[in-house]
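Colleague: have a look; sequence and predicted model below, questions after that.
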Amino acid sequence: MNLISNTVPTQPVIWPVITIDGPTASGKGTVAQRVAHALGFHYLDSGSLYRLAALAAVRQCVPLTDDKTVAEMSRQLDIRFVGEKILLAGQDVSDDIRSESAGQNASIVAALWQVREALLDRQRAFREAPGLVCDGRDMGSVIFPDAALKIFLTASVEARAERRTKQLKQKGMSAIIDDVVKELRIRDERDINRPVAPLKRLHDAQLLDTTEISADEAVASILDWYSKTPKNSVGV
Ligand code: CDP
């Protein structure tokens, strides 16, 4: 009996990931979705998970600083992404999680390492064929350090505040630009200075400043960089 198999062992395929990290309102979401669409890749809006964790805690009157309880709730979250809609325990919360207060609350729970750990596997599970584009703060540093392409997307505070104000108004929410600037600064400060998974530009990330360029131009740059990425380095 021949015990030696002559089939070549197959390497597990590691689907390519493009990570887009950056500060609030830099345009990450819009750009990441368009890049994903252009490549036919999946898309992960990691910030929505922190927004959902915070919303669930607020709704159950759990203090946002109660690390153990918020982490346990984060692990159990019943989330479904249905097209553009996000359902929490079957209820459409797409608009509820997009307010500025929901963003601030998200950044409070996101500073708790227990919560980040609870959401780790859920994020990595988005890496499916034929690939993934994801945006957030630690996509390239913690969640997918082996990403094929890492982008640090940013823009001036003024440009970001204008975009966020426009976005909120389009959703029918009230927004005063001076208040939005203050909120952005508070959130940037918290996201950059937290000890766990802080927002920072990695040495291996491409810097993309969108202050003076359109979302289409940003998408074109990323697609161009990606087309020049050696694909064998990501197992495909
Ligand atoms: O859309 P915007 O950039 O304003 O926020 P977001 O991406 O939805 O993230 C909301 C908050 O979640 C951020 O301010 C971060 O504190 C946190 N977050 C994080 O810590 N890590 C991520 N990968 C994504 C978001």
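Modeller: Sure thing, it's come through.

Colleague: got phi/psi on residue 138?
Modeller: Per-residue torsions, residue 138: phi -130, psi 20 (degrees, to the nearest 10).

Colleague: state the distance from it to the ligand.
Modeller: In this view, residue 138 and the ligand are 5 Å apart by C-beta to the nearest ligand atom, to the nearest Å. Every C-beta, even on glycine, is put in place using the N, C-alpha and C of the backbone.

Colleague: what about that residue, how many residues nearby?
Modeller: Around residue 138 there are 22 other residues, counting by other C-beta atoms under 10 Å.

Colleague: do the one 10 residues further on as well
Modeller: Around residue 148 there are 22 other residues, counting by other C-beta under 10 Å.

Colleague: which stretches of the protein have low pLDDT?
Modeller: Low-confidence segments of the chain (pLDDT under 70): 1-13, 232-236.

Colleague: in it, which spans are helices?
Modeller: Using DSSP state H, the helices of the chain run over 28-39, 46-59, 67-76, 100-109, 113-118, 120-124, 157-170, 177-193, 215-227.

Colleague: distance from the shortest one to the middle of the chain?
Modeller: To tie it back to what came earlier, the one meant is helix 120-124. 12 Å (C-alpha atoms, centre = their mean, to the nearest Å).

Colleague: for it, which outside residues touch it?
Modeller: Residues from elsewhere that reach helix 120-124 (C-beta atoms under 8 Å, 6 or more residues apart in numbering): 44, 46, 49, 134, 142-144.
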